[in-house]
Structures are given as structure tokens and as C-alpha cells.
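> What follows is a predicted protein model with its sequence.
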Amino acid sequence: MRFVSSLRYAPAILVGRAVRTLARWRKPGGGSAIPGVIVNRIAPGFLAATLNGFPLGLVIVTGSSGKSTTTKMLVAILRAHGLSVFTNQSTANISQGLTSALLEQVSLAGTIAGDVAVLEMDEGHGAFIAGSLTPRVVALTNVMVDQIDRFHDSEMVVALLAKIAARATESVVLNADDRYLADLGNALAPAVAVSRYGVTREVLAEHPRGLGYADTAPTRLPAGTGLQLTRVVGRDADVQFATGIHSIRLPARGIHYAVDALTALSTARATLGERFVPTVACAALSAMPAVFGRGEVVTVGGKTIEFVLVQNPSSFQLNVDSLEPGTEQILVIIGSDVRDPSYFWPVHTSGLGHVLIASGLKAHEIALQLAYDDVVVDRIEPDVPTALDAFLSLPNPVSGVKTIIFSADGMRRTRAHLGLVSNSEDPV
Amino acid sequence: MTATSLDRPFTVVSLLPRLLDTNGDAGNARVLAQRIRWSGHDALVVDVHSRADLPEHVDAVSVGSGTDAALLPVRDLLRTLVEELRVWSNSGVPILAVGTGWELLSWGIDRADGTVLEGLGLVAGHAVPRAVRATDDIIVASKYGRLIGFENHARDYVGAEASPLGRVIYGTGNSDAPANGPQIEGLTMGEVFCTHLHGPVLACNPALADHLLQAAFDRSGLRYSRGATSESVDETARAARNQVAVRLGQPAE
């Protein structure tokens, strides 16, 4: 039993809960951020005090890409080790969303029943609230040049990540293949342990366009100095632990999922210490359902469809490169969320070969790029429901499965039209 | 005798594409090469990262835009190619320069902290800091038709008043509307074309692409004619441009 903060935050917690009840009464099912706004206003220390109060501490996952997948994998591994985990969904305003989520479970003494908190943080908001947090472990995924965030160049992203990493009290887990992160790790205070992970030379050589990082480190992690990804074939990967090689089944095809899994394994090891069991961790990873949106496989009207979400040029390229060869039915939907489609031009889309329909508000722009990459586009149909109906009415392909590549807006419209559940998950 | 083809592929040089492709501007080299192929000729894109990569023949050049953090290393690399750039621009090789690539070909860049980064001095004028970054769609009336694209720059450009690429219909261009005189965008000098329209400006505005290609073909005594594939792809580009134009209250073409 912990008496961390007596009843100091009890009034704010009660007010927050009352507001939440009112918000839900007004809009059933609404998980509004308003209670969070109010509690943060009347009790600004609540969020930090609660997050810092877990027995096994706070774990933060941040970086340009792969945060969500890595966080979900890490949570699955920790739960498989018998831990009770508090975790979040990434939201636009992390401090308000988190406070609202915490209000669901917090006791009036300001504590939550749970062993550890695992939070995914956007580098910008993360750096903003990191000053008040004392994470035990900080995991850094990568630095990618993401033109959605184009006003920030790599150096600025690294500065934000360094600010979050500097808050770690025990260890920083980082991707040694990412030159910016490797340098960041070398500059950290010696009091903090640095756990590095990376792929082998052979794995990197199989990906001639690289792994999507803004800058790839010139050398690979020396064997025996951290977890290493030694093989990736389709959805199967091998990881070298100090005790030997273990195989995992990934939630989707692609080197980026394998590296996300490697990040999650390294972070779980740093969090659990002696309690970490590789076989338990790998079994938990392999049992995960397909990750939402990216590589997710759904069945609609008896037809199997694979969803591929592209969030930035790097993920677009990795997804094109890891598409099952011979996929003959492809629908691409690029929506209003891609403000300036120029941003996708560094991607080499020629691997798609043949696209049946280009759709979404930016249908013409993406069709233009595909044409210049020698990809045959049969039809341009900006209206998403019309495109989906036409695509689904085709008989099942002889080769590969029906594949929809979409931006986040395209995904939203697709799910709405097909009557699939929206992108929400129990945050706990 | 009039030749009908080259005995070698048309060669489009993409300068420093690893550093100058922030907005996909290096794709303009790909656009030129594809349109040459679609017109029935061989073409290749040569990525030039250093002098060692320079091909024997150069028919067109694309210079993209990069991050501000890379300005100095890019300028230093471009300086090693300044003689070639001078020869190309003086001999009518079409050159497209976008964003920071353009700024580095100019007299220089005045930075917000008061320092000046000297450019290559290839084209007149220089870049100066803006109060607020210009980030939006841009529409320009030009000799090559109405150009539509996207701009995203933290600096204005002064000194192109005598030879702009066109007049701004919507957006910022080289600067906010001046008290007197037209609001202009870009710079031209012979067959050197400089613009803030980033990304695949030549794919979206094929009339400008075809002007550059005709210039390249002229140098070899060949006539450029748009291929059938170009015609259908250009319809897609027109639809994309019209969508932006109509959204901004401009007539469709």
C-alpha cells in the first residue's frame, strides 16, 4: 500500500470525474479531453505525480516512427510477465488526454493500481511535458525525415528526443543503427545505462534502400553488445539474445515491424531486469493480433482485404517494398490529411506495378506520381465510397489479396464505409 | 540533314538528390526523363552527389530544395560544380532550381541572425528573411500557362524583378505584394528557371516541363513532340490543378 500523495489531489480528481460524467451524459460514448483540461488547470501537478508513482516506474516510448506499434508490443510483453500495465493512446494533446485517461482509474489518494506505466509520446509534446516526469526507462525508436513535420529538420527532432532521454533515471534504450540516436546515446550522462539494439550487416544488406532513418549509422552493433535482429523473412524474424537466438512471428510483414519488435524486446528487458524471460517475451509478441491499419487483414462480404496505412514517406516506401510480390488488386486512397502530396515524391512507387483505382481527395496527385513511376493506374475516382464499392465488387484476385493502401483520412473513410469498428482500443 | 534521334540517351542530371529532395523536388528529373521516353527517345537520370558522378553529356539539370541545416554543406558541394553550372547556363542547357537550391545559385542568403551565406552568384538577386514562413498553395500566371503548386519558404527573394517566372495570382511567391509594382514569383535567366513551387512542379505543370525539353532538344537539333502517354498523364495533372484552382476561387482551365 502506498501513501504517495495523501489526498492532495482529491478535490481535483472529484471535479474531473464530475465533468467527465457530465460530458458523457451530454455526448454518450464521448471520451472527451475536457476533464483533463480542467484538472490540469486546477491541479497542475496531478499528471506528473500520478505517472511518477508506479512501483516499477514510468516507461516512455518516443521517436519519429513506430511508436504505437512498439508501445503495444511492449505492453503485451510486460503483461505476459504478469505485470499490470497502465498505458495510453497517442492523442493530439497528450497531457490532457492522459489526465482524462488517468481519471478513469485513479484513487482519491492520487494512485493507480498497477505495476508500471508505459506511455507513447510524440517527440514535441513529450519534450514539453518531460520536464515534470521522471521515467525509469526511455526508449528511442528512430529519427526519420517526415515532411508532415517539415518545419523541423532532423537536428530539431534529435534535440527534442535528447530532452526526453535526459529525464531517464535508469536506462535509455535506443536504435544503434540510427546515426542520430547513436550519437545521442554517446552523449548521455554516464549515470544512465544505455541499452542498444540493431540489425546485423546481413539484414541491412537485404534492404538496399536502408531502413528509412534520416541517417544510418556507418557501423552495425557489435555482436554481444545488445539485442540483434539476425533474420527477417516475411512475418518471421530471429532475434539474438545473450542466451541464444529466438524466433518471433510479426503482426505484419516488413522490416519496420521487426525493428519495432526488437525495440519492444530491448525495452522490456531494461524494464524487467532479472525478471525478463526471452521465451515468454517472444511468445507474447508472436501471439499479437495484426496491428491496426498497417498490415491489418479484414474480411468484408466474404472477401479478404489487407489494409496498409502510410503515414509518411518512409513508411510508404517500406510498405511498397514489403508488399507481397504479384499483388494484382491494389486500391490507393490519399485523403485531405496529406496537405501537400509533393511530400510523397521521394517514394519510389514503381514496385506497385499496377493500381486498379486511385481515390481520395488527392486521387489525381497520387495518380500523377504513380504514372511517372511507370505504375499503370486503371481508374481515378476521388469519391472513396464509389471506389471501395467498385474495388470490392471485383472477384477475388488470383494472386495476392485485395490490398488497400491509404493515408489516415483514407483509412477513416474506408472503415466508416465498410462499417468496421473505429480506431479505438481500451486504453488499459 | 535533320537528325531524328540522338545516338546516346538524353541525360538529365539530378544535383545532390540526397540533400536536395526535402519536398520531392528531385522528382523533377524523373519527370523530364519520363517525358523524353514518352516522346520516343531514350533518357536516363544521373544522380550527381559529387564531381565524380558527372556524365559526359548533360541535356537538362534539376536542383531541388533541402533543409536549412544542410545549407552550408550543400553550398560547398555546389561550389565544386560551379564551372559546370556556368557552362550549362551559358550554353542553354535547361536548369530547374527549386527553393533552397535556387537560393544557393544566387548571390547569397541573408540569414535571420544577420550573417550572410554567400551563394554561387550564378543568377541575380538574393534571399532575405521573411517575418512569417510562407506555406500554402500558389498560383502563378506565366508565359508557360497558369502554374499551380505549393510553396513553403522562410525567406523572400529580392532582385528578380526584371525577369520573374510569372505574376502571383494566389500565394506569396518572391515576397508579399509590394506597394507598387506586381507581386512576382520565381526568376528566369536564359533557360535557367528558378521557383518556390516545390515538389514535382514539372509533373503538375507539363507546359513548363515541355518548354525545358524543347530547349534541350533544340541544342541537339531535334524537335520535341509530346507523346501519347504524356497527353493522358497531362489530363490527370490538369484535373489536379483545377481542383486547387476551384478551391481557391479561380476558374478551371
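That came through, no problem. Numbering: from 1, shown residues only, chains lettered A, B, ... in the order given.
> what's near enough to touch residue 52?
This is for chain A. A:58, A:133-134 (CB atoms under 8 Å, 6 or more residues apart in numbering or on different chains). Yep, even glycine has a C-beta here, placed from its N, CA and C like the rest.
> What score does it have for pLDDT?
pLDDT recorded at A:N52 is 83.
> likewise A:S322?
You'll see A:S322 listed with a pLDDT of 79.
> Am I right that it is in contact with A:G254?
Yes - using CB atoms under 8 Å, A:S322 makes contact with A:G254 at a distance of 3.9 Å.
> the more surrounded of the two?
A:G254 (22 against 19; other CB atoms under 10 Å in any protein chain shown).
> Next, that one: phi, psi?
phi 130, psi 140 (degrees, to the nearest 10).
> That one against A:L318, yeah?
Yes - with contact defined as CB under 8 Å, A:G254 reaches A:L318; the gap is 5.8 Å.
> picking up where we left off before, just the buried residues of the contacts of A:N52.
Burial by neighbour count, 16 or more other CB atoms under 10 Å in any protein chain shown: within the contacts of A:N52 this picks out A:58, A:133.
> A:A162: which of the contacts of A:N52 is nearest?
Lowest distance from A:A162 to the contacts of A:N52 (CB to CB) belongs to A:L133, with 15.0 Å.
> got the contact list for the closest one?
Per CB under 8 Å, 6+ apart, neighbours of A:L133: A:48, A:51-52, A:58, A:60, A:167.
> which SS class is it?
Put simply, A:L133 is coil when judged by DSSP: H, G, I helix; E, B strand; the rest coil.
> do you know how far it is from A:T169?
Distance, A:L133 to A:T169, by CB to CB, to the nearest Å: 10 Å.
> With just CA atoms, put the one helix or strand A:K72 maps to into CSV.
If you go by DSSP states H and E, A:K72 is part of helix A:67-80. C-alpha atoms of helix A:67-80 as CSV (Å, rounded to 0.1, in the frame of the first residue of the first chain):
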residue,chain,number,x,y,z
LYS,A,67,5.9,4.4,-31.5
SER,A,68,2.4,3.0,-31.5
THR,A,69,3.4,-0.5,-32.6
THR,A,70,6.4,-0.6,-30.2
THR,A,71,4.2,0.5,-27.3
LYS,A,72,1.6,-2.1,-28.0
MET,A,73,4.3,-4.8,-28.3
LEU,A,74,6.0,-3.7,-25.1
VAL,A,75,2.7,-3.7,-23.2
ALA,A,76,1.9,-7.2,-24.4
ILE,A,77,5.4,-8.4,-23.3
LEU,A,78,5.1,-6.8,-19.9
ARG,A,79,1.6,-8.2,-19.3
ALA,A,80,2.8,-11.7,-20.3
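> immediately after that helix, which helix or strand?
Defined by DSSP H and E, the subsequent element after helix A:67-80 is strand A:85-87.
> contact partners of that following strand?
A:54, A:71, A:75, A:78-79, A:102, A:105, A:112, A:114-120, A:427-428.
> list the buried ones in it?
Across strand A:85-87, burial judged by 16+ other CB under 10 Å covers A:85-87.
> Dump the contacts of A:N52 to a markdown table, plus distance to B:S175.
Shown next, in a markdown table, are the contacts of A:N52 (distance: CB to CB, whole Å):
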| residue | distance to B:S175 |
| --- | --- |
| A:L58 | 49 |
| A:L133 | 44 |
| A:T134 | 48 |
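> which residues are there in the stretch 101-250 of chain B that come within reach of chain A?
Contact residues (CB under 8 Å from any CB of the partner chain) of the stretch 101-250 of chain B with chain A: B:133, B:149-150, B:152, B:198-200, B:203-204, B:229, B:233, B:236-237, B:239-240, B:243.
> okay, which residue is most central for chain B?
By CA atoms, centre = their mean, the mean C-alpha position of chain B lies nearest to B:L96, the distance being 3.0 Å.
> per-residue pLDDT, residue 14?
Since no chain was named, I'll use chain A. pLDDT for A:L14: 71.
> That was the other one, I meant chain B.
pLDDT, read off for B:S14, is 98.
> Same question for A:T304.
For A:T304, the pLDDT comes out at 87.
> ok, it touching A:V401?
Yes - A:T304 is in contact with A:V401 according to CB under 8 Å; the separation is 4.9 Å.
> Can you check which residues contact both of those two?
Common contacts of A:T304 and A:V401 (CB under 8 Å, 6+ apart): A:V297.
> now the residue of the stretch 151-253 of chain B found nearest chain A, nearest residue through space, not along the chain?
Nearest residue of the stretch 151-253 of chain B to chain A: B:G199, at 2.1 Å (CB to the nearest CB). Nearest non-adjacent residue to B:G199, counting by CB to CB, 6 or more residues apart in numbering or on different chains: A:S342, 2.1 Å away.
> Now do the host helix or strand of B:A245, average pLDDT.
Here B:A245, judged by DSSP H and E, is contained in helix B:228-247. Mean pLDDT, helix B:228-247: 96.
> how about the strands of the stretch 101-250 of chain B, start to end?
In the stretch 101-250 of chain B, the strands defined using DSSP state E, counting those that start in this stretch lie at B:108-110, B:116-118, B:126-142, B:145-158, B:166-170, B:184-185, B:187-189, B:192-195.
> how big is the angle separating the third one from strand B:166-170?
Between strand B:126-142 and strand B:166-170, the angle formed by their directions is 80 degrees, by axes from the mean of the first three to the mean of the last three CA atoms, to 10 degrees.
> Strand B:126-142 pairs with which strands, parallel or anti?
The sheet places strand B:126-142 alongside strand B:108-110 (parallel), strand B:145-158 (antiparallel), strand B:166-170 (antiparallel), with pairing taken from DSSP bridges.
> what's the average pLDDT for the second one?
Meaning strand B:145-158. 95.
> Now do that strand and helix B:228-247, the angle between them.
Strand B:145-158 and helix B:228-247 are oriented at 70 degrees to each other (the same axes, to 10 degrees).
> from the chain's centre, how far out does strand B:145-158 sit?
11 Å (CA atoms, centre = their mean, to the nearest Å).
> Same check on stretch B:192-206?
5 Å.
> gap between the two ends of that stretch?
Stretch B:192-206 has an end-to-end distance of 16 Å (criterion: CA to CA, to the nearest Å).
> Any regions of the chain where pLDDT drops low?
I went with chain A, as the question did not name one. Across chain A, the ranges flagged by pLDDT under 70 are A:1-7, A:18-44, A:89-98, A:100-101, A:103-104, A:108-110, A:145-152, A:290-295, A:421-428.
> that answer is for a different chain, and I need it for chain B
Along chain B, the model assigns pLDDT under 70 to residues B:1-3.
> run the last query once more with 80
For chain B, the stretches with pLDDT under 80 are B:1-4.
> Spell out the residue ranges of the helices in it.
Counting by DSSP state H, one finds helices in chain B at the ranges B:27-38, B:71-79, B:82-90, B:100-105, B:201-204, B:206-219, B:228-247.
> Thanks again, I'm all set now.
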